[in-house]
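Student: Let's see this in three dimensions:
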Amino acid sequence: MNQDDDMIHGQTLESWVINKCDQWRDHYESNYAEIHDEYYRIWRGIWDRSDTMRDSERSRLISPATQQAVESSVAEIEEATFGRGKFFDIKDDLQDPNPRDIGFLRNQLEEDMHFAKTRSSVAECLINAAVFGTGIAELVLEEVKEFVPATEDNEEMGMKAFGVYEKDRFLVKLDPIMPQNFLIDPLATNIDDALGVAIDKMVPYHQVKQGIDSGIYLDVDVEKDVYDPELEDASKITTLFTDDMVRLTKYYGLVPTELLSNVSDDDEVEDIIPVDKDQSYTEVIIVIANGSTILKVENNPYMKKDRPVVAFSWDLVPFKFWGRGICEKAYNSQKALDTELRARIDALALTVHPMMAVDASRMPRGAKLDIRPGKTILTNGSPAEILQPFKFGQLDQVSFAQASQLQQMVQQATGAIDSAGIPASINGEGTAAGTSMALGAIIKRHKRTLINFQENFLIPFVEKAACRYMQFSPDLYPIKDYKFVASSSLGIVAREYEVTQLVQLLQTMSPESPMYPMLIESIVDNMGLANREQIIEQLRQANQPNPEQQQAAQMAQQLQMATAQAQLEQMQAMTAEIVSRVQQNQVETQLLPVEEETRRISAMAKNMPLDEFKQLIEVAKLELKEKEISSREEIVKLQMANQK
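Tutor: Next up, the predicted model:
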């Protein structure tokens with residue numbers, strides 16, 4: 001028996017889970033709890049004595065620089081994700097002959113997520129990630145009653161009845177989790193690789209009783225637990241109803257199969273925990289109340305055996321699950337800025353409020369030395385000698401510039417900038433190139449966070465939600481292997497930056513250019529207009545040619561092609577005629593010597609004897625035939641050459 005078996009021996013399932021959770025909580029509290037509480041206070045603007053930098057510090061002022069950075073960064077990511085309405089899409093199989101099923105599934109999933117208020121839950125996770133560095137959420141399955149207005153005809157009375165009818169609706173809700181309520185294996189860097197994860201928080205007692213009544217939890221007796229402030233946020237707001245709560249621990253992960261075998265002997269859970277004793281660990285879901293009572297234990301029931309928790313880091317920290325958020329980036333600059341402002345406020349109290357130096361030995365016994373307008377002060381002697389106004393001097397004007405520089409450091413550290421901070425961030429370079437360079441660096445930082453949010457949180461959540469809908473609501477969601485992609489666009493700052501670049505490009509282009517309408521459409525598409533889609537549709541219709549004009553243009557093109565063809569045929573005919581004349585002239589030129597020779601022979605015949613003349617005629621005939629044959633050969637060669 002090894003060391004692990006020795007540790008398991010003698011433990012129950014719930015004690016093993018709670019022991020792991022206590023170890024993980026000790027690790028969180030010793031490394032992250034205190035700093036997360038301070039991040040929360042900075043974001044909320046809540047002062048605590050531990051936040052003071054000097055013992056003499058009296059002011060409780062907290063600069064809103066980090067608050068502005070958090071809200072600006074979250075708004076940028078949220079606008080990029082939800083600004084266009086559709087924040088995810090589904091890729092269809094290329095071999096699917098019916099692409100309409102994908103459109104129906106997308107619309108149905110968007111409707112269910114809208115009904116479950118998914119957008120507000122995602123926004124809360126973004127806030128948590130910006131403040132604490134990591135955004136965490138649990139996928140909760142819930143079956144709700146939906147009341148739908150309806151009318152019903154009453155044939156007997158000839159009237160219509162108006163009312164509502166209820167129907168069951170299955171929903172997958174996203175429940176944001178605060179860091180102090182989430183426990184994870186310290187050696188893990190993500191949820192899937194961890195031994196397990198746990199959600200540990202205080203819940204109202206009636207929620208547990210309702211779960212028992214509905215059959216979600218086992219029918220066991222649950223006692224009320226004492227309120228634990230460590231499971232709440234850093235606001236330290238005490239609740240008056242501290243005795244009507246239950247500490248609920250939900251564990252998703254691996255447990256030793258040996259411990260699970262002992263629990264499966266119970267008749268209540270025997271049918272829901274099939275145990276494979278060949279495996280050392282088994283993936284289960286366990287719900288424990290008050291650290292000792294098992295409310296639910298079952299094998300992972302989901303289709304892909306995944307854990308119903310998603311998380312992402314605002315900025316990744318290598319080999320760590322907990323990420324780096326806006327508050328951590330701005331922490332040092334924020335502390336320096338708060339110290340500067342508080343010191344200035346404390347000094348301002350000494351320079352603004354009136355003070356008096358008094359000779360106490362010459363004041364009446366029991367005299368009140370406070371100062372107010374219209375007060376009469378009794379003295380034992382001349383007031384000019386006994387009373388003297390006292391002032392510590394003027395405030396140092398350098399503190400104004402220091403506070404401004406510290407605020408710029410917060411913006412520089414976080415990459416969150418507003419319209420007032422842009423000129424300061426470009427080092428005085430107010431040109432278009434300087435502004436573009438500054439905005440380009442800001443947009444790149446936002447894009448890193450956006451991609452991280454999409455890959456680690458948004459798309460995994462959509463995939464898990466779709467699988468649960470396919471598993472528990474197959475009538476609306478056909479079971480297929482869908483591929484989900486994020487449909488987020490640019491944020492507000494990025495869109496404004498892109499519009500500026502497009503307008504500058506538009507000024508260098510002629511309106512007759514074919515690219516001009518495309519640039520106009522891109523500019524309108526990046527604007528936040530309420531009727532943006534209508535304007536884009538009208539622009540596309542305006543760019544489409546009129547059918548009558550298109551038909552007339554086709555007829556004109558056909559007429560032009562016919563005219564060109566006729567001109568070509570005419571030129572070919574003229575060329576053939578010219579070639580024929582050239583051939584005829586060549587033949588005639590070749591026959592001219594023969595004609596001259598005939599004339600010469602005729603003249604000689606008149607003065608020549610008959611026998612000699614006959615011989616000459618025969619010779620001439622032979623030469624004439626020879627010339628004729630040669631001419632015909634030349635004509636045939638020319639014709640063959642023309643045919644080639």
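
Student: Okay, and residue 35 sits in which element?
Tutor: Assigned by DSSP states H and E, residue 35 belongs to helix 34-44.

Student: The helix or strand that comes right after that helix - contacts with which helices or strands?
Tutor: Following helix 34-44 in sequence order, the next helix or strand is helix 65-82 (DSSP H and E). Here helix 65-82 touches helix 34-44, helix 118-132, helix 326-329, helix 331-352, helix 398-414, helix 432-453, helix 492-507, going by 3 or more C-beta pairs under 8 Å, 6 or more residues apart in numbering; DSSP states H and E. The C-beta positions use only the backbone N, C-alpha and C, and glycine is treated the same way.

Student: Listing partners with orientation, what would you give for whatever helix or strand comes next after helix 65-82?
Tutor: Once the chain leaves helix 65-82, the next helix or strand it forms, by DSSP H and E, is strand 88-91. The strands beside strand 88-91 in its sheet (DSSP bridges) come out as strand 483-486 (antiparallel).

Student: how far out from the middle of the chain is the strand it pairs with?
Tutor: With C-alpha atoms, centre = their mean, to the nearest Å as the basis, strand 483-486 stands 12 Å off its chain's centre.

Student: Name the residues that touch that strand?
Tutor: 81, 87, 88, 89, 90, 91, 454, 458, 459, 462, 463, 466 (C-beta atoms under 8 Å, 6 or more residues apart in numbering).

Student: Tell me the buried residues within the residues you listed.
Tutor: 81, 87, 88, 90, 454, 458, 459, 462, 463, 466 (16 or more other C-beta atoms under 10 Å).

Student: Give me the distance between the first one and residue 111.
Tutor: This points to residue 81. 18 Å (C-beta to C-beta, to the nearest Å).

Student: The third one too?
Tutor: Distance, residue 88 to residue 111, using C-beta to C-beta: 13 Å.

Student: Likewise for residue 381?
Tutor: Here residue 381 is placed at a distance of 88 Å from residue 111 (C-beta to C-beta).

Student: worst-scoring helix or strand of this structure, pLDDT-wise?
Tutor: helix 422-425 (a mean of 50; mean pLDDT, DSSP states H and E).

Student: Please compute how far the longest helix along the chain lies from its chain's middle.
Tutor: In the chain, taking DSSP state H as the definition, the longest helix is helix 547-606. Averaging C-alpha positions (C-alpha atoms, centre = their mean) puts helix 547-606 74 Å from its chain's average.

Student: circling back to that earlier point, in the helix holding residue 35, which residues are buried?
Tutor: In helix 34-44, residues buried by neighbour count (16+ other C-beta under 10 Å) are 36, 37, 38, 39, 40, 41, 42, 43.

Student: what helices or strands is it leaning on?
Tutor: helix 65-82, helix 118-132, helix 326-329, helix 331-352.

Student: most tightly surrounded among those?
Tutor: Greatest average neighbour count among the helices and strands packed on helix 34-44 goes to helix 326-329 (a mean of 26), per mean count of other C-beta atoms under 10 Å.

Student: what does that helix contact?
Tutor: Residues contacting helix 326-329 (C-beta under 8 Å, 6+ apart): 35, 39, 42-43, 66, 69-70, 73, 130-133, 314-315, 334, 413-414, 416.
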